[in-house]
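Participant: Okay, sequence plus prediction incoming.
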Amino acid sequence: MSEIRFLPFGGRRVAYELRGDGPALVAPAWWVSHLELDWQNPGVRRFWEGVAQGQTLIRYDRLGVGMSDRTVHEADLTLDGEVAVLRALLDELGLDRVSLVGGSSGSCTAVAFAAAYPERVERLVLYGSYPQGDALTAPGVADAIVTAVRAHWGLGSRVLSDIFLGGADAAEHERFARVQRESATADTAAELLGLVYRLDVRDCLPLVRVPTTVVHRRDDRAVPYALGREVAAAISGAAFVPLQGSSHFPWHGDIDSVVRACRQALAPHQQPRSEVAAPVLLSGREREVLDCVARGLGDREIAEQLQLSPHTVHRHVANIRHKLGSPSRTAAVAEASRLGLL
């Protein structure tokens, strides 16, 4: 089961997806993404289905790209802005504690969040991570890449494809470049790429106190292997898992080896599905509706109290019943009580 929803944030909407059942596994946004188009890639599906088996996978498109609103403000282009979106999403879903899988620039968001809110992170898994963006390339190269993306998005997307995908075939390079162009404008892609090169979590790394695993391919073409090692060395007790390969994206090359490394890091902290699926999947609004249902209110009464349309209330009730596996409103209230939701 998959649901795409929209989180109100700063007068705009952040698109996010819930997929599967079980403990919450959240993937902070990468540079440029598109929830719908990315999932059409067989490699992406194979990777995330493998890593998130038995869990609820939560992905989102950052502001400015994909299915999120395309307006980007200057305040969004900071590490604090990235952390604020992640926190708002967890608050919206009522998630007190989650595991994070941070890849590439998303690893910086995951590290900063874990450092600031250790009580909300169960487990941290980092892939293709780095401590500071200015170490990703030689001086001046980053500016040249950003300029190329802004000046000619077609050429810029192909340059990035060569960096990210390594030895992928021509069709895969073309597909990657096309999806990037459909996911963001040239200006937005350039601004976000500039953020990737500016991010710096060196001060955050020693503050991370949650169980952490750092996975990195030895010949990663976009993020040098040595940077992943630095991340692992700076986090107390972190495990470092080196893998063979040159592709930056985990859904290219030997996908299964990355899946195994991530699963091994996450498996000890998985919980029985029946005890966690409902809390993960009920949004804040759905919990408000559930509380009204438990007090015996009908759809119209709930609509008046929550200032919603009766149709919207009816849809929320149907979603709640489905997620709780309950054939009726009464059964849904009973199951919610058993799970501690009321």
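Facilitator: Nice, thanks for sending it over. Numbers count the residues shown, from 1 in each chain.
Participant: all contacts plus neighbour counts: C-alpha atoms, from now on.
Facilitator: OK.
Participant: Look up phi and psi at the closest residue to D69 other than its chain neighbours.
Facilitator: Spatially, and ignoring its direct neighbours in sequence, D69 is nearest to R13 (5.5 Å; CA to CA, 6 or more residues apart in numbering). Torsion angles at R13 (phi, psi; degrees, to the nearest 10) stand at phi -130, psi 130.
Participant: give me every residue that touches R13.
Facilitator: Applying CA atoms under 8 Å, 6 or more residues apart in numbering, we find R13 in contact with F6, L7, L63, S68, D69.
Participant: and it, bridged to which residues?
Facilitator: Beta-bridge partners for R13, by DSSP bridges, are P8.
Participant: so where does L25 fall, helix or strand?
Facilitator: Here L25, judged by DSSP states H and E, is contained in strand 24-27.
Participant: Now the element after that strand, going C-ward?
Facilitator: helix 35-39.
Participant: counting contacts, what elements does that next one pack onto?
Facilitator: strand 12-19 (3 or more CA pairs under 8 Å, 6 or more residues apart in numbering; DSSP states H and E).
Participant: one step back: got the confidence number for the residue nearest to D69?
Facilitator: pLDDT for R13: 98.
Participant: Quick check: closest non-adjacent residue to I4.
Facilitator: Among residues not flanking I4 along the chain, E17 sits closest, at 4.3 Å (CA to CA, 6+ apart).
Participant: Surely the one you found touches L25?
Facilitator: No - E17 is beyond contact range of L25, at 11.5 Å (criterion: CA atoms under 8 Å).
Participant: More neighbours: those two, which one.
Facilitator: Comparing E17 with L25 by neighbour count (other CA atoms under 10 Å), the higher total belongs to L25, at 28 against 17.
Participant: Show me what the more buried one is bridged to.
Facilitator: L57, S99.
Participant: Go ahead and confirm it touches T56.
Facilitator: Yes - using CA under 8 Å, L25 makes contact with T56 at a distance of 5.8 Å.
Participant: picking that back up, which one of the contacts of R13 sits closest to L77?
Facilitator: Nearest to L77 among the contacts of R13 is L63, at 9.6 Å by CA to CA.
Participant: residue ranges of the helices in the stretch 101-250 of the chain, please?
Facilitator: Counting by DSSP state H, counting those that start in this stretch, the stretch 101-250 of the chain has helices at residues 105-116, 141-151, 153-165, 170-183, 186-198, 225-234.
Participant: Now the second one: buried residues?
Facilitator: Within helix 141-151, the residues that qualify as buried by neighbour count (16 or more other CA atoms under 10 Å) are A142, I145, V146, T147, A148, V149, R150.
Participant: Tell me who's in contact with the nearest residue to the fourth one once chain neighbours are set aside.
Facilitator: Just to be clear, that refers to T147. Among residues not flanking T147 along the chain, A190 sits closest, at 7.3 Å (CA to CA, 6+ apart). Neighbour list for A190: V146, T147, V149, R150 [criterion: CA under 8 Å, 6+ apart].
Participant: Report the contact partners of the last one.
Facilitator: Meaning R150. By CA under 8 Å, 6+ apart, R150 lies in contact with G156, A186, D187, A189, A190.
Participant: relative to helix 105-116, how tilted is the strand or helix carrying A84?
Facilitator: A84 is part of helix 79-93, with elements assigned from DSSP H and E. Put simply, helix 79-93 runs at 80 degrees to helix 105-116, going by axes from the mean of the first three to the mean of the last three CA atoms, to 10 degrees.
Participant: pLDDT weak spots in the stretch 1-150 of the chain?
Facilitator: 1 (pLDDT under 70).
Participant: In JSON lines, list the contacts of A190 along with distance to Q132.
Facilitator: Shown next, in JSON lines, are those (distance: CA to CA, whole Å):
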{"residue": "V146", "distance to Q132": "17"}
{"residue": "T147", "distance to Q132": "20"}
{"residue": "V149", "distance to Q132": "21"}
{"residue": "R150", "distance to Q132": "22"}
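Participant: Isn't L199 up against L77?
Facilitator: No - using CA under 8 Å, L199 is not in contact with L77; the gap is 9.6 Å.
Participant: ok, now which ones touch the residue nearest to H173 when sequence neighbours are not counted?
Facilitator: Nearest non-adjacent residue to H173, counting by CA to CA, 6+ apart: S161, 5.8 Å away. Contacts for S161 (CA under 8 Å, 6+ apart) come out as H173, F176, A177.
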